[in-house]
Each structure stands twice: as structure tokens, then as C-alpha cells.
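*Asks:* attaching a predicted model along with its sequence, questions to come.
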Amino acid sequence: MPHADAQSPGQFLPTILLMLPFFTALIILLGHRALKNASVLLSVGSSVICFLASLALLATKGAEGTVGILKFIDVPGFQAGIDAMIDDQSRGMMFIVTFIGMLVHIFSLGYMKDDEAKPRFFGSLSLFMFSMTGIVLAGNLVMMFIYWELVGLSSYLLIGHWYQKASAAEACKKAFLTNRIGDFGFMIGILILFGLNKGDLNIDNLQDAFVTGGPLAEVVKNNPGILTVAALCLFMGAVGKSAQFPLHVWLPDAMEGPTPVSALIHAATMVAAGVYMLVRVSFVIVTPLAAETIAGIGCFTALLAALMATQQGDIKRILAYSTLSQLGYMVMAVGAVAMAALHGEAAHGAHPGHPAMFHLYTHAFFKAMLFLGSGAVIYACHHEQDIWKMGGLRKHMPITFWTFAIGTAALMGVPPLSGFWSKEAVLGAAFDSGCRPLFLAGAATAALTAFYMTRLLVVAFLGKARTESAHHAAEVPLVMALPLLLLAVFSIFSAWGPFSDFLQAMKPEHVEGHDTVLWTSVAVLLVGSISSFLLYKGKDSDPVRIKLFANKFYFDEIYAVIVRVGQDGLAWVVTALERIFVDGLVARLPTALVARIGAATRMLQGGHLQGYTFLLGGGIIAVVYLVVFVLPRTH
């Protein structure tokens, strides 16, 4: 990809998008005690300017290139600068990140108004925005990895914002450590590509190396195993960041952070970074094993998380497992597109857009709205999160109800809302992959999505108020309602006309001739939603109790046993070896020997003249004996 013209608007817009949130975060986090409320306005102002810059960047459509912002690593044989990769994918993703980020900032003005540590909170938000814009714009894998780690740090700070709560402190540590497992694999994958491509980790150059006649095209033919390992190691990074099985356990616990953080993490930023990275480096998925593994894990995660969501009572946790499920959908689409391409078929969504990115795009709007809507409900119900202690909120919170209903319908894939089109694209990719179990599992996930989201809407918003907090709930202030209304518009129209044309690269071609996909999608939607409505209408407690789903398939308990048996057992062995060999043989044994020898020879230093005379005489006798009798025999 050529470098962008230095005189074009694309030259300075990426610099604003990257550096403004960085310096904002730096100023706030270093001086928030002095700045106080001014830091809040600084952070919100930065998010608004970044959004305007992303709109201006969209206007540069067609002017693709790599913008050099700052030199970072420049040594003989290796360069990795702070560059901005400008193309349709980065422009569209930047719009999503800055738009959702700006709305979360605005919503937080109302939600966090009474929080004593809100300057620190907004400083962490700005650091998060800097990290995400860095991932979106990264032109090489080295810088992407650095921003990747900064997102992990930012999420640690935001999830643990209320660190006084033991659950929040545990949740942020769990998120941070779980992500480090995936990030280790990501780093190994980058190092493998570093060796294969002779130190060039520029994303465009790597892609060129895979084309016919390129240096890595021969590796694909002669040694595909190493590229399978590289692709799966890169995928490990996405497994951690996008919370795929088996590293999915951190995301539900991330609900311990403030609700705006949940909206930011779950909608279009941190968890979406894994999918964005996979699509960005999808040219590495060149072997059937890699493609099938990615599709399989995504499909399994989508179905597993949907089953868990059907038995949750916490409104935020239901949405958290929904996010897990929808991320699994996106990852499945990445693998399915690669499978179709490897089968020699025209992969659905390969041009002009990718179904995984299209679903990420639409999902960002309605999932952000659902999380902010749940925040509005929690705020109005005096921080109550159990849906079985709500009910009747439709009458007390009409704006929140109707926006939440629109988001629910979009997530379920009700036509003609945006979620319908992106869900069709994902199911179409699974159908085109040639793997029917993949398509059937995707359809089952869609039915479960309709089931648990209808359950949430019916239990929380319809019927009668079950508690005093629900009975006295009132609509949220305008500063919190406005983001909901804006996101509702996008949830309806983002796949239509001017909206989709605005981000044309995000929209795949419609599934042509796949009546099976369409009718299956409509059928599972009706089955899931109608059965849930009939089952939960008028109920005051859950009529369905499946402990396996409610307890999240006991993954946390299983991991606790693994840690106890594995980590603690290993620690016992290491401690025993340390006591025996290091402490005993290496440290204490020489010390004991020296002490014994010293104690024995200490008697010779008694200070008695007759003793010294005796020793002198004995020494003279020994020397004479040696000279007279021993030495002559040796010659």
C-alpha cells in the first residue's frame, strides 16, 4: 500500500485520532486531583473531536495509504514505526469505535455524576480510546501488539474502577490474567511470521508475500504446517481478547465494572478487537485445519454462551453471554469464509465486505444500546440488577423500553432491522462453507438468542412491578436517554441505504439464491421468541431451572480445580525440591560442613603454650619422616 500524500487530509487526521486521546489520558491520569471536574470535560471533548475526525476520515474514501506518524523502532534490518493504515476497513472500524466511545462518554456524565473517582474513570476511558484507535490504525503487527496490551491495561483499570469491592478487584485481575494467556499465543504467531518473512511485519507486505509467486506462497505449498501454527497462534490472541472458548470466562465477570464500561467493552472496542485483527490478517488462514478450527471454536462458543444466557437472572450477565455468543458468530464467519475460499468456491462476503465485520458493525450499535439501556434500568431501580425483581418498567420508563425493545429485535434478527441482514450474512457464510453442522449450529444459536432476549424483555419490562424499586422507577435524564435514541436509529437503519453506503466496505453482498438461509432464519426466530413469550408471560419466577446452564457449565469450578491441582501441586513440588536441593544441599550442607570443621579445629587454638609446642614437635617429626623414608622411595 503506498504512503498517503503528505498534503491530503489523511495525513493529519490519523495523528489526531491517535495522539489526542493519548495526551488527554496522560494529562488526566497525572493531574486528575488538580483538574477535578475539568478532566471530565477534557475527556468528553476529546471523544467528540475524535468522532468528528473519524467522520472527516470517511470523507477521504478512495485515498488509501499508510501514513507515517512517528518513528518507533528503527534499527538495521528492522523497522516498526507508529504508522496509520488507511483503508475501508480501518475507516469503518474507526467510525464505530469513536461513535460508540463518544456516546459512552456522554452517557457516563449522568451515570457517574455522583462517583467520587470520576476524573480517574474518564482518564481510563481516554486511555482505552487511545489503545483502540491504535489497534484500528496499526500498519504493522508489532505496533498492533503494543496497542493490544494497552487495551488489556485499560480494561483492567476500568473493570476494577470500584476496586474497593472485592468482586471488582477479582474480576479485573481475572480479565487481565486470562488475556495474557491468549496474548502469549499472539506473540508467538507474530514471531513465526517475523522469521518467515525475514523480519517484515508490515501487514500489507505480509499480505503481498502470500500472493502467487510471493515468498510465503512457497511455504504454503511445501510446509503448510508452520503456517497452520502461525494462524492458530494469532487466533489465540483473538480467543483471549474476544473471549472465545476456553478463555471466555473473564467476560461475564467484567460486569463488575460500571455499566458504561460494559457497553464500551462489549459493543465495539475491546472484544471486537479480536475479530478485527482476524479479518485484518485473514490472508494467513491458508490451511483447512486452521480454517476449520477457527470456525469450530467460534460456532461452539456461540452455542455454549447462548445456552448459558437462557438461565441467567442478572440483566447485565444476560447481555454479557449474548456478547459471547455474537462474538462466536463473528469468529465462525471468519473461519467459514476461509473454508469456502479453500474449497475453491466464491466465498460469500469476501468482496466487497466481510460478514464478520458486517456483523461487528451492526452489533456494535444495538449491543451498545442494550448495555446502556440496562444501565438506565439499573440506575432507575436503585442499582438492582436481577430481572426477577423488576417488572412493569414499560410504564415507568417508556423511552428506555422502546429503545431496549428495538435493540432486542435487532439482536434477534427481526427483519428489516440491521441485525437481520448481518445475521443472514453470517448464516450465509456458514452455508457456503459446505459444512452443514456449522450452519445448523448457527441456526440453533439464532433460536436461543430469540428465546433469551424475549425472556429478558418480558420479565423486566412487562407485567407488574415485583419490588418497590421497580414500582418507583422513573425515566432517566436526557443526557442518558439521548445516546439510547441515537443508537436506536442506527440499530434500525445501519444496514440500509445511506447508512450502509456510508460504510460500503462493511456490507457484504446479499446471499443470492439461498432460500434455505432465509426461511431457516425466520423459522428459528419465530420458534424462539413465541415459545419464550408463552413460557414467561405473567411469571414471577423462572419456570425453567437447568442448573448446568445457570452455573455456566461449571467452567469456573473446573478451572479452580485445575489451578488447585496443577498450580498448587506444582508449587508443592517446587517447594519440596527447593527445600531438599537448593536449601539443603546447596546452601545448608556446605555451611554445616564448614561449621563442623571449624568446631573441630577451634580446639587447636586454645592459647596454651604446651599445646603449641606439642604440635610443633609433631610437625617436625612428620617432616623428617617424609624426607627420610617417603621421598627416597618415590625416586
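*Replies:* All right, it came through fine. Just so it is clear, the model here is predicted, and its values are computed rather than measured.
*Asks:* just checking, what packs against the longest strand along the chain?
*Replies:* Ranked by residue count and defined by DSSP state E, the top strand of the chain is strand 65-75. Applying 3 or more CB pairs under 8 Å, 6 or more residues apart in numbering; DSSP states H and E, we find strand 65-75 packed against helix 13-35, strand 78-86. Every residue, glycine included, has its C-beta placed from N, CA and C.
*Asks:* if you average pLDDT over it, what comes out?
*Replies:* Strand 65-75 shows a mean pLDDT of 81.
*Asks:* so it versus strand 78-86, what angle?
*Replies:* Orientation of strand 65-75 against strand 78-86 (axes from the mean of the first three to the mean of the last three CA atoms, to 10 degrees) gives an angle of 160 degrees.
*Asks:* in CSV, list the C-alpha atoms belonging to strand 65-75.
*Replies:* Coordinates of each C-alpha in strand 65-75 appear next as CSV, following Å, rounded to 0.1, in the frame of the first residue of the first chain:
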residue,chain,number,x,y,z
GLY,A,65,-2.4,4.6,2.0
THR,A,66,-0.1,4.2,5.0
VAL,A,67,0.6,7.4,7.0
GLY,A,68,3.8,7.6,8.9
ILE,A,69,3.2,9.3,12.2
LEU,A,70,6.3,8.7,14.3
LYS,A,71,9.4,6.5,14.2
PHE,A,72,9.4,4.0,17.0
ILE,A,73,11.8,1.2,16.2
ASP,A,74,14.4,1.8,13.6
VAL,A,75,17.5,-0.5,13.6
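*Asks:* when you give positions from now on, start the count at 49
*Replies:* OK, 49 is where the count begins now, so the last one is strand 113-123.
*Asks:* still on that earlier bit, nearest to residue 161 among the helices and strands packed on strand 113-123 would be which one?
*Replies:* helix 61-83 (16.1 Å; CB to CB).
*Asks:* and the contacts of the closest one?
*Replies:* Identification of contacts with helix 61-83 by CB atoms under 8 Å, 6 or more residues apart in numbering yields 87, 90-91, 94-95, 97-98, 101-102, 104-105, 108, 115, 117, 130, 132, 134, 142, 146, 167-168, 170-172, 174-175, 177-178, 181-182, 185.
*Asks:* which helix is the longest one in the chain?
*Replies:* helix 214-244 (DSSP state H).
*Asks:* what mean pLDDT would you report for it?
*Replies:* The pLDDT scores in helix 214-244 average 92.
*Asks:* for it, name the packing helices and strands.
*Replies:* helix 189-207, helix 263-270, helix 272-289, helix 298-301.
*Asks:* quick one: neighbours of the closest residue to residue 130 other than its chain neighbours, just the number.
*Replies:* Nearest residue to residue 130, sequence neighbours excluded (CB to CB, 6 or more residues apart in numbering): residue 118, at 4.2 Å. Using other CB atoms under 10 Å, residue 118 has 10 other residues around it.
*Asks:* repeat that for the one 3 residues further on.
*Replies:* By the criterion of other CB under 10 Å, residue 121 has 12 neighbours.
*Asks:* what's the least confident stretch among the helices and strands packed on helix 214-244?
*Replies:* helix 263-270 (a mean of 81).
*Asks:* pull out the buried residues from that helix.
*Replies:* Within helix 263-270, the residues scored as buried using 16 or more other CB atoms under 10 Å are 264, 267.
*Asks:* got it, and stretch 454-474?
*Replies:* 454-462, 465-474.
*Asks:* and the pLDDT for residue 651?
*Replies:* On the pLDDT scale, residue 651 gets 66.
*Asks:* quick one: buried residues of the longest helix of the chain?
*Replies:* In helix 214-244, counting by 16+ other CB under 10 Å, buried: 216, 219-220, 222-224, 226-227, 230-231, 233-238, 240-242, 244.
*Asks:* out of the helices and strands packed on strand 113-123, which is the most enclosed?
*Replies:* Mean neighbours per residue, mean count of other CB atoms under 10 Å, is largest over the helices and strands packed on strand 113-123 for strand 126-134, with a mean of 22.
*Asks:* from the contact counts, what lies against that strand?
*Replies:* Counting by 3+ CB pairs under 8 Å, 6+ apart, strand 126-134 packs on helix 61-83, strand 113-123, helix 166-185, helix 189-207.
*Asks:* so which elements touch the next helix-or-strand element following it?
*Replies:* Scanning forward in sequence from strand 126-134 by DSSP states H and E, the next helix or strand is helix 136-159. Packed against helix 136-159 by the contact rule (3+ CB pairs under 8 Å, 6+ apart) you find helix 85-106, helix 166-185, helix 307-315, helix 318-328, helix 403-428, helix 526-541.
*Asks:* rank the helices and strands packed on strand 113-123 by mean pLDDT and give me the bottom one.
*Replies:* strand 126-134 (a mean of 83).
*Asks:* can you list the residues that contact that strand?
*Replies:* By CB under 8 Å, 6+ apart, strand 126-134 touches 49, 52, 58, 62-63, 65-66, 105, 108, 111-122, 138, 185-188, 190-191, 247, 249, 251-252.
*Asks:* quick one on the thing from earlier: could the helices and strands packed on helix 214-244 go into a markdown table alongside distance to residue 503?
*Replies:* Formatted as a markdown table, the helices and strands packed on helix 214-244 follow (distance: least, CB to CB, whole Å):
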| stretch | distance to residue 503 |
| --- | --- |
| helix 189-207 | 26 |
| helix 263-270 | 47 |
| helix 272-289 | 28 |
| helix 298-301 | 17 |
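*Asks:* of those, which is nearest residue 343?
*Replies:* Going by CB to CB, the one of the helices and strands packed on helix 214-244 nearest residue 343 is helix 272-289, 10.8 Å.
*Asks:* who does the closest one touch, helix- and strand-wise?
*Replies:* Partner elements for helix 272-289 (3+ CB pairs under 8 Å, 6+ apart): helix 189-207, helix 214-244, helix 263-270, helix 318-328, helix 336-357.
*Asks:* in CSV, list those along with distance to residue 422.
*Replies:* Compiled in CSV, the helices and strands packed on helix 272-289 are given as follows (distance: least, CB to CB, whole Å):
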stretch, distance to residue 422
helix 189-207, 16
helix 214-244, 17
helix 263-270, 46
helix 318-328, 16
helix 336-357, 13
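*Asks:* against residue 450, how distant is the residue nearest to residue 171 when sequence neighbours are not counted?
*Replies:* Computed as CB to CB, 6+ apart, the closest residue to residue 171 that is not its neighbour in sequence is residue 76, at 3.4 Å. Residue 76 sits 35 Å away from residue 450, going by CB to CB, to the nearest Å.
*Asks:* give me the low-pLDDT residue ranges for the protein?
*Replies:* 49-58, 110-111, 260, 314-317, 392-400, 551-554, 557-561, 651-655, 682-683 (pLDDT under 70).
*Asks:* center of it, which residue is that?
*Replies:* residue 289 (2.5 Å; CA atoms, centre = their mean).
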